[in-house]
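**Q** Sequence first, then the predicted structure, then my questions.
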Amino acid sequence: MKNKSTPTPLRLMAIHAHPDDESSKGAATTAKYVDEGIEVMVVSCTGGERGDVINEQVQELVDLHGIHQVRQLEMAEAARILGVRHEWLGFMDSGFPDSGVTEEEPLPEDAFALVPLTVSVPPLVKLLREFRPQVVTTYDENGGYPHPDHVQTHVITIAAIAAAADPEAHPELGPDHQVQKVYYNQQFHKERVVALHNSLIEGETESPYEEWLANWEDKPEDADRITTSVECARYFPIRDAALKAHATQIEPDGRWFAVSTRLQQQAWPTEEFQLASSLVETALPETDLFAGLREKPTEG
C-alpha cells in the first residue's frame with residue numbers, strides 16, 4: 001500500500017552570536033512563525049561570557065553564580081517565552097574592547113572570532129542536517145555592527161550552509177541538506193528609527209534616538225538591503241518579554257523600552273530582512289520569509 005504524502009514541515013533556523021541577540025533581532029518574527037506552527041531553532045554561537053553586566057540590579061546574582069551560568073539561565077527563559085528550540089555551539093565570547101580590536105588590545109586567544117573554520121563550521125553543519133530548515137536567518141557581512149563575533153557568525157553560517165548541502169563534506173555528520181533561503185537581519189535601519197523618533201516628537205515626548213540619528217552614517221549600499229518586511233506587531237509583547245529575560249544585558253528603563261509597545265506597533269509594525277539567496281522563485285518585495293516555500297512538494 002502506498003504511503004500517504006504529508007506536507008514537508010516548515011522550519012526556520014536563526015543563527016546568532018550571543019544570548020540576547022535572538023530576542024533583539026527578529027524575535028517578533030520568530031514568535032509569529034512559532035504561533036503558525038512552524039518549527040524554529042535558535043542557535044547561539046557563544047555563551048556571551050565576556051559581555052558586560054549592564055543592569056546593576058542583577059550584579060549580585062552574577063557575583064554569586066558567574067556570568068556564564070546566569071546567561072545560560074536567561075537564554076533558557078527567553079527560549080521558553082519565544083517558544084523556540086535552542087542550541088549552543090559552545091564557543092567563547094570574543095568580547096569587544098571599547099577602543100575596538102587593535103594590535104595593542106587584540107582578541108583573547110580563545111575567542112570565537114579566532115577559531116579556525118575547520119573547528120567552528122562542523123558543529124553548525126551537524127545542526128543544519130539534523131534540523132533541516134528551509135530558511136536560515138543570520139547577520140550580513142558586516143555583522144549588523146562590527147562586533148567580531150557577529151562578523152564571524154556570518155562567516156561560519158555561510159560556510160556551514162554550503163557544507164551541509166555537499167554530500168561529500170563531513171558525511172559523518174548526517175545526510176546532506178540544502179537550505180532554500182538565507183536572510184540577513186535588517187531590523188535596525190534608519191527608516192524605522194526615524195519613524196519611532198517622529199512618533200515620540202509628535203506626541204511631545206522626549207526621544208532617546210536623537211543623538212543616534214544625529215550620528216547616523218548613511219551608506220549608499222544599505223539602500224537596497226531591505227527586501228522583506230514581516231508584519232508581526234501583535235508579537236512585540238512576546239519579543240519584549242524575551243528581551244527582558246536577558247536581565248544582565250537590558251536596563252528596564254533604558255533605550256530599548258523608552259518607546260511603548262503600543263506606539264511601536266502603530267509607528268512600525270514590521271521587522272525587516274534582506275533576502276541574501278534563494279533557490280525558489282519569489283517576487284520582491286516580500287512579506288513572508290517562507291514565500292515560495294509554502295506550496296512545495298510533499299514528502300512521502
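**A** Ah, there it is.
**Q** Could you pull out the buried residues of the least confident helix or strand in the chain by mean pLDDT?
**A** Lowest by mean pLDDT, DSSP states H and E among the helices and strands of the chain is helix 210-214, with a mean of 89. If you call a residue buried by 16 or more other Cβ atoms under 10 Å, then helix 210-214 has no buried ones at all. Just so you know, the C-beta spots here come from the backbone N, C-alpha and C atoms, and that holds for glycine as well.
**Q** who's in contact with it?
**A** Helix 210-214 is touched from outside by 190, 193, 194, 197, with contacts defined as Cβ atoms under 8 Å, 6 or more residues apart in numbering.
**Q** just checking, next helix/strand downstream of it?
**A** Sequence-wise, the next helix or strand beyond helix 210-214 is strand 228-231, with elements assigned using DSSP states H and E.
**Q** re the thing from before, which of the contacts of helix 210-214 sits closest to residue 225?
**A** Proximity to residue 225 was ranked across those by Cβ to Cβ; first place goes to residue 190, at 11.0 Å.
**Q** Burial check on that closest one, number of neighbours?
**A** Counted by other Cβ atoms under 10 Å, the residues lying close to residue 190 total 15.
**Q** can you check residue 172 too?
**A** 6.
**Q** pLDDT wise, what is it at?
**A** Residue-level confidence at residue 172 comes out at 98, pLDDT.
**Q** Let's see if you can find the most crowded of the contacts of helix 210-214.
**A** The residue in the contacts of helix 210-214 with the most neighbours, by other Cβ under 10 Å, is residue 197 (18 neighbours).
**Q** Let me see the contact set for that one.
**A** Contacts of residue 197 (Cβ under 8 Å, 6+ apart): 207, 209, 210, 213.
**Q** Just the closest of these to residue 38, please.
**A** Lowest distance from residue 38 to the contacts of residue 197 (Cβ to Cβ) belongs to residue 209, with 32.3 Å.
**Q** what ranges do the helices span in the stretch 151-300 of the chain?
**A** According to DSSP state H, counting those that start in this stretch, the stretch 151-300 of the chain carries its helices in the segments 190-202, 210-214, 236-245, 261-267.
**Q** quick one, which of the ones you listed is nearest to residue 170?
**A** Residue 170 lies closest to helix 236-245 among the helices of the stretch 151-300 of the chain, at 32.5 Å (Cβ to Cβ).
**Q** And that closest one, how far out from the chain middle?
**A** Average the C-alpha atoms of helix 236-245, do the same for its chain, and the two points are 14 Å apart (Cα atoms, centre = their mean, to the nearest Å).
**Q** Not counting its own residues, what contacts it?
**A** By Cβ under 8 Å, 6+ apart, the list of residues contacting helix 236-245 from outside reads 20, 22-24, 27-28, 31, 74, 77-78, 81-82, 250, 252, 256-257, 261, 264-265.
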